[in-house]
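*Asks:* Predicted model and sequence below, questions to follow.
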Amino acid sequence: MKPNFIVILTDDLGYADYSAFGTPDIRTPNIDSIFHEGLTFENFYANSPVCSPSRAALLTGCHPDRVGVPGVIRHVEANSWGYLSRDAVLLPQVLKEAGYYSALIGKWHLGLESPNVPNERGFDFFHGFLGDMMDDYWTHRRGGHNFMRRNLEVIDPEGHATDLFAGWACEFLEERARKPEEPFFLYLAFNAPHDPIQPPPEWLERVKVREPGASPVRQKMVALVEHLDAGIGRVLATLERTGLAGNTIVMFSSDNGGKLSFGANNGPLRSEKGHMYEGGVRVPFAVRWPGRIPAGTRTGHIGQLMDLFPTLAEAAGTPVPAGIDGISLLPVMLNPDTEPVERTLYFVRREGGIEYGGKSIEAIRKGGWKLLQDSPFRGLELYNLDEDPLETTDRASQSRETLTALAAELRRQIQRGGKTPWQPPG
């Protein structure tokens, strides 16, 4: 019997913003349960320090610039830096060949109109938000536009977005439980805790009482994440109640690091969302599969969001398209002692404004070495993460041979991505 899949993706969650990490001022028992009952990846990365590229990588198994999404897709054309390639094959399309019914509930962020909407890119069911972010968690607008949809229908639901997405996911699971012969893939993409940081008032009051010494900014972030955790708890409880949990792989992660100015906690890592340092690209990741993945296990294997595509395809027993960049992590998940695969990780972000000027920033990691350019107007930086995991000492001037070799490899990755247009045709 083929397993079901649930991928829970949070939005801008700090690397340390769940209590199983050991963070004392936050309580996330439901998120923690996925870590405690499954396998924790201690070295897991997004493909970009911002939203759209990481989501494109997750759903295509490719570096995001190779599928036309090196930067954030926005509703303002002059400030949109990606267009999902029509040639890209998405995960739900591959899973469909193995008999899977696929749903996206929550945030899409890979296109606002045909042909780049979920129902036209392989998803059988979509209930969520097309855009990049909401200006308000209760009104669900972005720049005055309503991007809420149920499949292709414009909808205008009432309630906090986290509650809506969690509720819709529960409804979906209850419906799928009535069709046990058909495996499903649920991509549950919350927009929390992305700004604006708007927890429900009662959740904020609870944190204020419990954590009076925290700053007001931190209190709001903690409350928003704890409210998110409660929504995830509703989904996990529905999974149990419907009898689906035993045959369902549940994965949990974030699209990039947290934003420090909004109160996120990236632990000891340097920097934050938007940047190529570890705090921008390293994210929490855990996977639970009852009876198959040993509970409470950990691995130092390096993974990246694009690896979820071949991982789930292998678990479904279906081949993946030739030429993708991700590798299956299923062998590691079933046996954390599996030998690691040597490879180079690549990260990209294209952005506008005066700070970036429409140019891109990149990084690569090979072994313990990491080469990055965090601004298109500054030079390359080189770090040895084995010796200096917090990126305190730039080795660019002392390790020129390593820098030269990695810089050449980085240029080759940029050339590969440059073969795919990242603006709409015409």
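*Replies:* Received, thanks. All values derive from a computational prediction rather than experimental measurement.
*Asks:* Assign a three-state SS to His227, would you?
*Replies:* At His227 the chain is in helix, as set by DSSP: H, G, I helix; E, B strand; the rest coil.
*Asks:* Identify the spatial nearest neighbour of it, chain neighbours not counted.
*Replies:* Trp203 (4.6 Å; Cβ to Cβ, 6 or more residues apart in numbering). C-beta here means a position set from N, CA and C on the backbone, and glycine is covered the same way.
*Asks:* Tell me which residues touch the one you found, please.
*Replies:* By Cβ atoms under 8 Å, 6 or more residues apart in numbering, Trp203 lies in contact with 223-224, 226-227.
*Asks:* swap in Phe347?
*Replies:* Contacts for Phe347 (Cβ under 8 Å, 6+ apart) come out as 45-49, 276, 281, 362-364, 372.
*Asks:* Can you tell me which of the residues you listed end up in helices?
*Replies:* Val281 (DSSP state H).
*Asks:* quick one: which of the contacts of Phe347 is nearest to Ala189?
*Replies:* Nearest to Ala189 among those is Ala46, at 13.3 Å by Cβ to Cβ.
*Asks:* Could you pull up the residues touching that closest one?
*Replies:* Contact partners of Ala46, counting by Cβ under 8 Å, 6+ apart, are 54, 57, 253-257, 281-283, 304-305, 347.
*Asks:* Most neighbours of all those, which one?
*Replies:* Ranked by the number of neighbours (other Cβ atoms under 10 Å), those place Gly257 first, at 34 neighbours.
*Asks:* Other residues contacting stretch 293-307?
*Replies:* 36-47, 54, 57-58, 60-63, 253, 255, 283, 285, 287, 324-329, 332-334, 336, 338, 340, 345, 365.
*Asks:* Ala408: helix or strand, and which one exactly?
*Replies:* Assigned by DSSP states H and E, Ala408 belongs to helix 400-417.
*Asks:* Can you mark which positions in stretch 287-306 are buried?
*Replies:* Buried residues in stretch 287-306, defined by neighbour count with 16 or more other Cβ atoms under 10 Å: 287-289, 293, 299, 301-306.
*Asks:* Now intersect the residues you listed with the strands, please.
*Replies:* 287-288, 299, 301-304 (DSSP state E).
*Asks:* any chance of those residues in a markdown table, with pLDDT and distance to Ala214 too?
*Replies:* As requested, these are exported to a markdown table (pLDDT from 0 to 100; distance: Cβ to Cβ, whole Å):
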| residue | pLDDT | distance to Ala214 |
| --- | --- | --- |
| Val287 | 98 | 31 |
| Arg288 | 98 | 30 |
| Thr299 | 95 | 32 |
| His301 | 95 | 34 |
| Ile302 | 96 | 33 |
| Gly303 | 97 | 32 |
| Gln304 | 98 | 32 |
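*Asks:* tell me which of the buried residues of stretch 287-306 is nearest to Pro424?
*Replies:* Of all the buried residues of stretch 287-306, Met306 has the smallest distance to Pro424: 23.1 Å, by Cβ to Cβ.
*Asks:* Ignoring the adjacent residues along the chain, who's closest to Pro183?
*Replies:* Nearest residue to Pro183, sequence neighbours excluded (Cβ to Cβ, 6+ apart): Lys2, at 4.3 Å.
*Asks:* Looks like the one you found contacts Ala98 (just checking).
*Replies:* Yes: contact criterion Cβ atoms under 8 Å: Lys2 and Ala98 qualify, at 6.8 Å.
*Asks:* okay, and the common contacts of the two?
*Replies:* Residues within reach of Lys2 and of Ala98 at once, by Cβ under 8 Å, 6+ apart, are 183, 316-317.
*Asks:* Drop anything exposed from these.
*Replies:* With burial judged by 16+ other Cβ under 10 Å, the buried subset of those is 183, 316.
*Asks:* Take the shared contacts of Lys2 and Ala98 and keep only those in helices.
*Replies:* Ala316.
*Asks:* now the closest residue to Ala396 other than its chain neighbours, which residues is it bridged with?
*Replies:* Nearest residue to Ala396, sequence neighbours excluded (Cβ to Cβ, 6+ apart): Leu382, at 4.4 Å. Beta-bridge partners recorded for Leu382 (DSSP bridges): Leu371.
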